[in-house]
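Asker: could you work out the structure for the sequence below:
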Amino acid sequence: QKPEEIVLVSGHYDSWDVGQGAHDDGGGCIVAWEAVRLLKELGLRPRRTIRVVLYTNEENGLRGGNAYRDAHRSELTKHVLAIESDSGVHRPEGLGLAANAPPQARANLLEIGKLLASIRAHRIADDGGGADIGPIMREGVVGASLDVDGTHYFDIHHTHSDTLDKISREDLALCVATMAVYAYTVADMPQPLR
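Answerer: As a prediction, this is how the structure comes out:
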């Protein structure tokens, strides 16, 4: 019904030189991609477009995020929400919502979060966003981050140890479900998020 309005889900491919980048941020790319694949598999077609963006160059100049902003500048007012996954793919806790998000957006996301209470991914933190979506957030797009249990993220972040064997299949699946629920519900709301 509103294909010109966009809910963006994203991660980034580049990593720190020494590691594979499984948590930072290959896992984030998989979460975004799999969330949309899952929705398609279930035959769910929201009112708005859900767009997957897999950025590059986050670690060295944000060229991907800046290029997206520049290429889509004319449609940024039609971006309803941008969600970035860049904190690893540990057990999800909910979303972090940008501090300057409209109060109605926060209220709507808190309501959506109730759908994820059974997996404890219902929290809407007071700050969120991400480096890759930062350029479009500065242009007024509401930004959020997939929030996960970060207890052990910095044990391997930017090290040789950031490898695929550190990713829990269960946590990854829960991150996909969390991203899918928030993205789909926002994209299918009768009224805009704000």
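
Asker: now the strand ranked longest in the chain: buried residues?
Answerer: For the chain, the longest strand by residue count, based on DSSP state E, is strand 2-12. Judged by neighbour count using 16 or more other Cβ atoms under 10 Å, the buried positions of strand 2-12 are 5, 6, 7, 8, 9, 10, 11, 12. Glycine gets a C-beta too; all of them are placed from N, C-alpha and C.

Asker: check which helices and strands the lengthiest helix in the chain sits against.
Answerer: Looking across the chain with DSSP state H, the single longest helix is helix 169-188. Using 3 or more Cβ pairs under 8 Å, 6 or more residues apart in numbering; DSSP states H and E, the elements in contact with helix 169-188 are strand 2-12, helix 27-41, strand 48-55, strand 79-84, strand 92-97, helix 103-113, strand 143-148.

Asker: shaky segments in this structure?
Answerer: Applying pLDDT under 70 to the chain picks out residues 15-16.

Asker: 80 instead, please
Answerer: Scanning the chain for pLDDT under 80 picks out 14-19.

Asker: can you count the residues close to residue 74?
Answerer: By other Cβ atoms under 10 Å, the residues close to residue 74 number 7.

Asker: and it, how far from residue 139?
Answerer: Distance of residue 74 to residue 139, computed by Cβ to Cβ, to the nearest Å: 11 Å.

Asker: and if you look at residue 116?
Answerer: Residue 116 is 29 Å from residue 139, where distance means Cβ to Cβ.

Asker: higher neighbour count, those two?
Answerer: Between residue 116 and residue 139, counted using other Cβ under 10 Å, residue 116 has the larger neighbour count: 21 against 13.

Asker: how near is the nearest residue to that one once chain neighbours are set aside to residue 190?
Answerer: Leaving aside its chain neighbours, residue 116 sits nearest to residue 122 (4.8 Å; criterion: Cβ to Cβ, 6 or more residues apart in numbering). From residue 122 across to residue 190, the span is 22 Å (Cβ to Cβ).
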